[in-house]
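Student: generate coordinates for the sequence data below:
(one chain, ligands or ions: 1)
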Amino acid sequence: MEAGSWSFLGKVALVTGGSRGIGRAVVLRLAELGADVAVNYTSDAAAAGQVVAAAGALGRRAVAVKADVSSADEVRRMAADVEEALGPIDVLVNNAGITRDGLFVRMPEADWDAVLDVNLKGAFLASKAVARGMMKRRSGSIVNLSSVVGRRGNAGQANYAAAKAGLIGLTKSLARELAPRQIRVNAVAPGYIETDMTAALADEAKAAIYTSTPLSRLGRPEDVADAVAFLAGDAAAFVTGVVLPVDGGMGI
Ligand code: NAP
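Tutor: Model (predicted):
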């Protein structure tokens, strides 16, 4: 599937947290559509290596880059390494994310900081690292991974919901600021997706998700990857500043 405005042939995409879950599915979808891909990770080099091999098997150039997205120095180095290996970055997907769930009154400051640093500041730093080049080239696209809880809040996830709501503000502000240079910035807001992040959910929690999701299932990473690919590419050439729910109707 490489036709017309859905093609990413000749484009370079950097996906933060691309080694597992949704990020992995995004990397592989973009590679299927023709993109050369950079797979960022922090700890699991073997998982990142498998994604690189899978993208290579699709005929794409692919590299793994280790960097903590909450570190400005590491993010700058990551962007430079990717551009040296693959060329200018056309597409950035800010996907890296963590949770440190707990009730607000008992939430340690360190858990607040860790979640805001990775999920929100990470997107700020990575966007900054690629924006200048995109502005010079007057082209580029950024997609941020928000969440249904960033739109609705969630008991036990004050830090995560604040970060994901913050990403919506970042998305809309950057969309306005970068539009004059033809750079589009959008977000997806997934519901509950089957990945390592949600694997620990208790059966009752999963049952509650089914009943509050009109389509009556958890999402798959590929469901999100298709939405990201749409927003990242030329099929969405006239779309900027949107937050696309991919939640089976949970947020209706
Ligand atoms: P996941 O399976 O836990 O994978 C997280 C990915 O992020 C891994 O590749 C991990 O790499 C990377 N990562 C974590 N901390 C990082 C850091 N400091 N710097 C760089 N990379 C880092 O998560 P997921 O479920 O696929 O979620 C992906 C994104 O979608 C997140 O932003 C999440 O908040 C969002 N989301 C998920 C759901 C859901 O239901 N799963 C719903 C809505 C939104 P390492 O393994 O190397 O650490």
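
Student: switch to C-alpha atoms for all contacts and neighbour counts from now on
Tutor: Noted.

Student: how about the residues of the stretch 51-200 of the chain near the ligand?
Tutor: 67-70, 95-98, 118, 145-147, 190-198 (CA under 6 Å from any ligand atom).

Student: weed out the non-buried ones from the residues you listed.
Tutor: 67-70, 95-97, 118, 145-147, 190-193 (16 or more other CA atoms under 10 Å).

Student: out of those residues, which are inside strands?
Tutor: L145, P190 (DSSP state E).

Student: M250: which of the buried ones among the residues of the stretch 51-200 of the chain next to the ligand is nearest?
Tutor: If you rank these by distance to M250 using CA to CA, G191 comes first, at 6.8 Å.

Student: now do stretch 72-92: distance to the chain's middle.
Tutor: On the basis of CA atoms, centre = their mean, to the nearest Å, stretch 72-92 sits 16 Å off its chain's mean C-alpha point.

Student: which residues sit against that stretch?
Tutor: 11-16, 36, 38, 61-63, 65-69, 125-127, 129-130, 133-134, 139-143, 232 (CA atoms under 8 Å, 6 or more residues apart in numbering).

Student: if you set the cut-off to 6 Å instead, what comes out?
Tutor: For stretch 72-92, contacts defined as CA atoms under 6 Å, 6 or more residues apart in numbering pick out K11, V12, A13, L14, A67, V69, A129, G140, S141, I142.

Student: OK, contacts around the last one?
Tutor: For I142, the set of contacting residues under the criterion of CA under 6 Å, 6+ apart consists of V91, L92, V93, V185.

Student: could you do N159 as well?
Tutor: Taking CA under 6 Å, 6+ apart as the contact definition, N159 lies against W112.

Student: tell me the spacing between it and D73.
Tutor: Distance of N159 to D73, computed by CA to CA, to the nearest Å: 24 Å.

Student: could you do G17 as well?
Tutor: Using CA to CA, G17 is found at 17 Å from D73.

Student: so between the two, which is more surrounded?
Tutor: Neighbour comparison, G17 and D73: the larger count goes to G17, with 28 against 12 (by other CA atoms under 10 Å).
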